[in-house]
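Trainee: Structure here, sequence nowhere to be found:
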């Protein structure tokens, strides 16, 4: 890990999870555009698309997110019930 000009630790790698009740393609494009600011392999993007239930989201998070891992979760969920559950 590196340290920035403000003495904040910069992780070597960050995994960004996109959760969508559609394809998630728009969020992925935005994240790929933003990720060019970092080293080529510093950002990993994982997608859970076509979500229909909160159980799917919970199972995905439990399966894909490791404790202690530098992680961010973005969602493009239009379904109000699922969005509120996030």
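Mentor: The structure has been received and is ready for your questions. Here the structure is a predicted model, which means the values were calculated and not measured. Residues are numbered from 1 along each chain as shown.

Trainee: Assign the residue nearest in space to the middle of the chain to helix, strand or coil.
Mentor: The residue lying closest to the centre of the chain (CA atoms, centre = their mean) is residue 17, at 2.2 Å. Each residue gets one of three states, and residue 17 gets strand by DSSP: H, G, I helix; E, B strand; the rest coil.

Trainee: can you check the one 5 residues further on too?
Mentor: When the structure is split into helix, strand and coil by three-state DSSP, residue 22 lands in coil.

Trainee: any idea of the pLDDT on the residue nearest to the centre of the chain?
Mentor: pLDDT recorded at residue 17 is 94.

Trainee: now swap in residue 81 and tell me
Mentor: 89.

Trainee: And residue 3, by the same measure?
Mentor: Model confidence at residue 3, expressed as pLDDT, equals 64.

Trainee: circling back: is it true that the residue nearest to the centre of the chain touches residue 76?
Mentor: No - counting by CB atoms under 8 Å, residue 17 stays clear of residue 76, with 11.9 Å between them. C-beta coordinates here come from the backbone N, C-alpha and C atoms, glycine included.
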